[in-house]
Structures are given as structure tokens and as C-alpha cells.
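> I'll drop the sequence and a predicted model, then ask my questions.
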Amino acid sequence: MVNLARVSTTLAKHSKQAYHIGGQREYDGFMAHVSGRANVAQQQRAHEQFTEFGLALSKLRGQLYDGAGNMAGRLNGTAAVICRNHPKDIYDHCLSHALNLAIVSCLNVQQVKNMWCVLKEVGLFVSNSPKQQSALEVQIDTLPFVSCNRRKLVDLCRTRWMARRSALVAFADLYVPVVASLEEVSQGRHWSPDSAGAAFTLLFSITQFCFICAFCISKQVPEYVHGLTTPLQKTNKDICNAYQEVKTLTETLHRVREDIDIYHGQ
């Protein structure tokens, strides 16, 4: 297996219309890693690729990377190397990645970590076996009060915390069929002892109050943020409206924290 670092290149053509974020973006391919010191090599490759586009690095006015040392290192990262030659090309931490890190830090609670581990194990238990997936689908078709159209659980994203929202929503929709299918498997009829034992352990875990509480809270957090991050990714977003939406979200979260008993009592 060859481990190669590749950086995607996207050109943004900004409109002259005031107060709008972004503009037309066009994907232009990958900037493959070359041999040598990673930071210098990336800077040289960037210079070559921008030359191919008919652009000059001296006209760049911003760099956005995640917090990896080879890209964002203060002394010898790619951003620092480029800034030494082009001081106006200011580096900033990728805002999407920063939001992801902030949410992870806010939910750095052991009970929440345990919930994620259990949720991951349930997803793997069902998805890795066609027989267990079939058992879940039987419960979805049999139970009269399951109204969603979902047939499968969603895998947890390993890197983007906000992308886990889909997994949380899917698990919430299929919670009752999942419990019913695990109960059936744990009884051991027509199932191997290993499957029955694993199903019993998972069933015990997802029916505990601590798991349910951590799950409900974790599911609610991205519901607030998702309503903001999705519109902000649009290229024609008005910056004044975006600022107002951020302010509204902040005020809403403050009200939830101040009236937490009322919030959970609803």
C-alpha cells in the first residue's frame, strides 16, 4: 500500500456583487505530493500548478487548511513557507474543520464517548451480516408503528462530526426495530452462540438510561448547528444575513442553557 498525500485544488471566481460570500467554484483536480520535504514540496507544486492556470502566487490573499502540522505548522508548515515568500497570503484554520473540532471538544464527556462506541458496534453488527440485516428488515416490516422508509443504519463518519447527524437520525428512526431484532438474535434460536452473545450485550447497552440520555442530547446538538452550516456553504449567501443567522443561533443556545429544565421538560 502506498501512502500518498493529495490536496484538491479549487478555483473560486468571485462576483463583484457586494455583501455576498464566495462565488463560482470550479474543481481543477488534485495536487499530488512530490518527493522531498513535504512543506517545500507542496509550495513548489502549488507554484507550478498556479502557473499552469495562468495565476501568480503573489496575488493570493488566503490559505485554508486543517490543523495538520505539515500544512499549518507555525515555523515550517506549507502555509508558513508560502507566507514567507508571499506575506499577503494569510493562513487561517479551515472553518469547517474548526467547527468540527469545537463540537467534538464540547461533547468530550465519557458517557457520550461510550454512546458513540456502542452506536458504532451496533452498526457494524447489523451491516456486516446479511442475515442480521435481514432480521432488522423483518422487524421494520412487521412492527405496525414504524412509519419511516429507512431500511439500514448509517455508518458513523470517522472524521467529520457533523456528518454523524445522519447516523443519529437513522438510529433514532429505527430504534424500536433494532431493539426488537437484537432481542430475537439474543434468544439464540437459529443463531450462532457468538451472534447471540453479541446481540445480548448490545441490547443491554442501548436500553440503558445513560445511553438513551447521551444519545438524545448528542442528537439534538447538531440539529441546531446543521440548520446554520448548510446554508452557509452556499456560494451566493448574503454576508449580512449570515451574520444575523449566527447571532440568532447563539442567542438560542444561550436560552437553552439558561432554561435547561424547561427545555428538557418539553
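Structure's in. What do you need? Residues are numbered from 1 along each chain as shown.
> The spatially most distant residue from the centre of the chain: what secondary structure?
Distance from the C-alpha centroid of the chain, by C-alpha atoms, centre = their mean, peaks at residue 189 (38.5 Å). Taken by DSSP: H, G, I helix; E, B strand; the rest coil, the conformation at residue 189 corresponds to coil.
> For the stretch 51-200 of the chain, which segments are assigned as strands?
In the stretch 51-200 of the chain, the strands defined using DSSP state E, counting those that start in this stretch lie at 63-65, 91-93.
> Quick check on the residue farthest from the centre of the chain: phi, psi?
Taking degrees, to the nearest 10, you get phi -70, psi 120 for the backbone angles of residue 189.
> coming back round to it: winner for burial among the strands of the stretch 51-200 of the chain?
Most buried of the strands of the stretch 51-200 of the chain, by mean neighbour count (mean count of other C-beta atoms under 10 Å): strand 63-65, with a mean of 18. (Each C-beta comes from the backbone N, C-alpha and C, glycine too.)
> helices or strands up against that one?
In this structure, strand 63-65 makes packing contacts with helix 78-85, strand 91-93, judged by 3 or more C-beta pairs under 8 Å, 6 or more residues apart in numbering; DSSP states H and E.
> which one of those has the lowest average pLDDT?
Mean pLDDT values for the helices and strands packed on strand 63-65 show the minimum at strand 91-93, a mean of 72.
> Can you point out the buried residues in the host helix or strand of residue 221?
Under DSSP states H and E, the secondary-structure element containing residue 221 is helix 209-232. Within helix 209-232, the residues scored as buried using 16 or more other C-beta atoms under 10 Å are 211, 214-215, 218-219, 221-222, 225, 229.
> Export only the CA atoms of it, formatted as PDB.
Once side chains and other backbone atoms are set aside, the C-alpha atoms of helix 209-232 remain, and they are given as PDB (Å, rounded to 0.1, in the frame of the first residue of the first chain):
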ATOM      1  CA  PHE A 209     -30.800   5.100  30.700                       C
ATOM      2  CA  CYS A 210     -27.300   6.500  30.400                       C
ATOM      3  CA  PHE A 211     -27.100   5.500  26.700                       C
ATOM      4  CA  ILE A 212     -30.500   6.900  25.900                       C
ATOM      5  CA  CYS A 213     -29.800  10.200  27.600                       C
ATOM      6  CA  ALA A 214     -26.400  10.700  25.900                       C
ATOM      7  CA  PHE A 215     -27.900   9.800  22.600                       C
ATOM      8  CA  CYS A 216     -30.800  12.200  22.800                       C
ATOM      9  CA  ILE A 217     -28.500  15.100  23.800                       C
ATOM     10  CA  SER A 218     -25.900  14.300  21.100                       C
ATOM     11  CA  LYS A 219     -28.700  14.100  18.500                       C
ATOM     12  CA  GLN A 220     -30.100  17.500  19.500                       C
ATOM     13  CA  VAL A 221     -26.800  19.400  19.300                       C
ATOM     14  CA  PRO A 222     -26.100  19.000  15.600                       C
ATOM     15  CA  GLU A 223     -29.800  19.800  14.800                       C
ATOM     16  CA  TYR A 224     -29.100  23.400  15.900                       C
ATOM     17  CA  VAL A 225     -25.800  23.700  14.000                       C
ATOM     18  CA  HIS A 226     -26.800  21.800  10.900                       C
ATOM     19  CA  GLY A 227     -29.500  24.400  10.200                       C
ATOM     20  CA  LEU A 228     -26.800  27.100  10.000                       C
ATOM     21  CA  THR A 229     -23.800  25.300   8.400                       C
ATOM     22  CA  THR A 230     -25.800  24.000   5.400                       C
ATOM     23  CA  PRO A 231     -27.000  27.500   4.200                       C
ATOM     24  CA  LEU A 232     -23.500  29.000   4.900                       C
END
